[in-house]
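Visitor: One predicted model, sequence on top.
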Amino acid sequence: SREMDAMPMVEEKSTDEVVQTRFIVQHLPLSNLFKRFQLLSKHLTDSKSDTEECEKAYHIFLRELATYKLNLSKAAVALNTVDRETEMCESSRKEIEGKIEATRKELTALKDELTEEQTQRSHREEYVALAKLINQLPTRKDTKGKIDAVEKELGALLKEQESIETEMTEKRKQFALFFHSLSKLQESFEKAK
């Protein structure tokens, strides 16, 4: 509210008044030139005007015309400058859009590369974990040696088992013969009695 108090109240103008004011400001040099031309015409057509006044009006008109030409030249240069700046801006815009598109493509490629690298890293970590696990286990040579020793021991045990079974079979036969002989001896002893 302080800012509003500090600012002077500006009258609101209608659109027509604004357009008219702009037209007057933009065409003020042309209006001045037209007025100088009318003044020159008046002096030339008026019989009361002397040559000096006509020459003075003529020089004022020429000066005003030169000023108007200068303003037109300035406007042409400004327009040319605006056109060049517009072209430069358009060129810059296209270049920036190209760079943005290239950056987007590069970003997409980098995302794909990052995903691939993350996958490879994950695989490497799995390989390292498996390698640690494998390194905790005995080597193939050690395992083969243990298997060979167990197979040798198993072979020895099988031979021992076979030997024991053979011995047991013989002992059974011997016991069977012994019991058979004992039984015959008992029979003969009982007959003898």
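Guide: Yes, it's here. Note that the coordinates shown come from a computational prediction; the quantities given were computed from them, not determined experimentally.
Visitor: Which residue ranges of this structure form strands?
Guide: Read by DSSP state E, the chain holds no strands at all.
Visitor: All the helices of it, residue numbers only.
Guide: Using DSSP state H, the helices found in the chain span residues 2-6, 15-26, 28-45, 51-136, 140-192.
Visitor: Now do the third one: which elements does it pack against?
Guide: Under the contact criterion of 3 or more C-beta pairs under 8 Å, 6 or more residues apart in numbering; DSSP states H and E, helix 28-45 touches helix 51-136. Bear in mind the C-beta positions are built from the backbone N, C-alpha and C, glycine included.
Visitor: can you list the helices of the chain in JSON lines and add mean neighbour count?
Guide: Output for those, formatted as JSON lines (neighbours: other C-beta atoms under 10 Å):
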{"stretch": "helix 2-6", "mean neighbour count": "6"}
{"stretch": "helix 15-26", "mean neighbour count": "10"}
{"stretch": "helix 28-45", "mean neighbour count": "14"}
{"stretch": "helix 51-136", "mean neighbour count": "11"}
{"stretch": "helix 140-192", "mean neighbour count": "10"}
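Visitor: Next, format these as a markdown table and append mean pLDDT.
Guide: Formatted as a markdown table, those follow (pLDDT from 0 to 100):
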| stretch | mean pLDDT |
| --- | --- |
| helix 2-6 | 47 |
| helix 15-26 | 64 |
| helix 28-45 | 74 |
| helix 51-136 | 90 |
| helix 140-192 | 90 |
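Visitor: Keeping just the C-alphas, turn stretch 31-38 into CSV.
Guide: Output of stretch 31-38 as CSV, limited to C-alpha atoms (Å, rounded to 0.1, in the frame of the first residue of the first chain):
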residue,chain,number,x,y,z
SER,A,31,4.2,15.9,-39.1
ASN,A,32,7.0,18.4,-38.6
LEU,A,33,8.2,17.8,-42.2
PHE,A,34,4.6,18.3,-43.4
LYS,A,35,4.3,21.5,-41.4
ARG,A,36,7.6,22.8,-42.8
PHE,A,37,6.4,21.9,-46.3
GLN,A,38,3.2,23.8,-45.8
